[in-house]
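In: I'd like to go over a predicted model; first the sequence, then the structure.
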Amino acid sequence: MSNLAMGSTDLHATASWCCQPLGKEELSAADSEKIAMIFKALSDPVRLRLFSKIAAQPAGEACVCDIQDVGVSQPTVSHHLRKLREAGLLESERRASWVYYRVAPGVLSAMAGLLSQST
């Protein structure tokens with residue numbers, strides 16, 4: 001069961017605007033808000049480390065028990081993971097007493113497209 005629906009930005013729906021490089025055309029106010037939310041979520045070093053740990057997993061997902069060693073307490077890890085979910089960067093699924101996280105489909109390619117050099 002995905003927790004992505006709990007008041008988060010759906011990056012899947014925004015993938016169409018995400019793939020245009022930033023320098024190609026001027027952003028609308030709505031697109032600026034969506035993109036800023038993503039950058040804001042990733043601007044914290046702990047969140048960036050957590051996102052990186054999850055994205056680097058060979059299985060494509062990680063149990064919170066395997067990624068929580070980022071130098072902060074477990075409640076703080078949960079807070080940061082919630083912020084990443086709210087930004088639409090992660091999806092989560094509870095299995096028994098553990099929560100597993102994965103990068104939301106299309107996120108990495110959408111971010112790459114957004115930051116690619118326009119021609």
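Out: Received, thanks. Numbers count the residues shown, from 1 in each chain.
In: what's the distance between the residue lying closest to I67 once chain neighbours are set aside and E93?
Out: Of all residues not flanking I67 in the chain, K53 sits nearest, at 4.5 Å (CB to CB, 6 or more residues apart in numbering). For the C-beta atoms, the positions are set from N, CA and C on the backbone; glycine is no exception. Going from K53 to E93 by CB to CB, to the nearest Å gives 17 Å.
In: low-confidence stretches in this protein?
Out: Within the chain, the stretches with pLDDT under 70 are 1-19, 118-119.
In: residue nearest the centroid of it?
Out: Note on the chain: the residue nearest the mean C-alpha position is L89, at 1.8 Å, using CA atoms, centre = their mean.
In: surely that residue is in contact with L108?
Out: No - contact criterion CB atoms under 8 Å: L89 and L108 do not qualify, at 9.5 Å.
In: and the helices in this protein?
Out: Applying DSSP state H to the chain gives helices spanning 11-18, 29-42, 45-55, 64-67, 74-86, 107-115.
In: count the neighbours of the residue lying closest to the residue nearest to the centre of the chain once chain neighbours are set aside for me.
Out: Computed as CB to CB, 6+ apart, the closest residue to L89 that is not its neighbour in sequence is V107, at 5.6 Å. A total of 22 residues lie near V107 under the criterion other CB atoms under 10 Å.
In: distance check, V107 against K83.
Out: On the measure of CB to CB, V107 and K83 end up 15 Å apart.
In: cool, and K24?
Out: Counting by CB to CB - K24 and K83 are separated by 29 Å.
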